[in-house]
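Undergrad: Pasting the sequence and the predicted model now:
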Amino acid sequence: MGCGNVLHGGVVMGCPHGGLVVPVPAGGGGAEAVRIDGAAVATAMDPFTVSGCTHVVAGRPLPCTSVRFMPDGGGDGQVCVDGVPVLLETTTGMCFSAGLVPQGPPVIASAGQGWPGGSKGVACR
């Protein structure tokens, strides 16, 4: 089971090149109904977009445009909303260009910086 702070719409995230990462709730009711400080929790079904990335390769812009998270394999102990894994700050993620070229892991603000109202964690036992 993963442990750490739950990602939600109020958490500050970026790509490794300074772009802003924004979760776009997939909808369907369940995850949007589960909120932390008024923001929907992020799940493995939510797409994440990147804006403002300034990454350049060989003099050509190659900005990050999306982020994909790979939650733990699931099973017993996985935190889920309607059967879909909730994303934690410890969940592995990767930023991608429009051509799906991996560009590095997302940068997630530490608890207390990007966590409005303080840390909202999942405790491990």
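TA: Good, I have the coordinates. Numbers count the residues shown, from 1 in each chain.

Undergrad: From residue 101, how far out is residue 62?
TA: To residue 101, residue 62 is 7 Å away according to C-beta to C-beta, to the nearest Å. (C-beta placed from N, C-alpha, C; glycine too.)

Undergrad: So for these two, which sits in the more crowded spot?
TA: Per other C-beta atoms under 10 Å, whichever of residue 62 and residue 101 has more neighbours is residue 62, with 16 against 12.

Undergrad: Pretty sure the more buried one sits against residue 103.
TA: Yes. Using C-beta atoms under 8 Å, residue 62 is in contact with residue 103, at 7.4 Å.

Undergrad: Tell me if I'm right that residue 18 and residue 53 touch.
TA: Yes. Using C-beta under 8 Å, residue 18 is in contact with residue 53, at 6.9 Å.

Undergrad: Can you check which residues contact both of residue 62 and residue 103?
TA: Common contacts of residue 62 and residue 103 (C-beta atoms under 8 Å, 6 or more residues apart in numbering): 55, 97.
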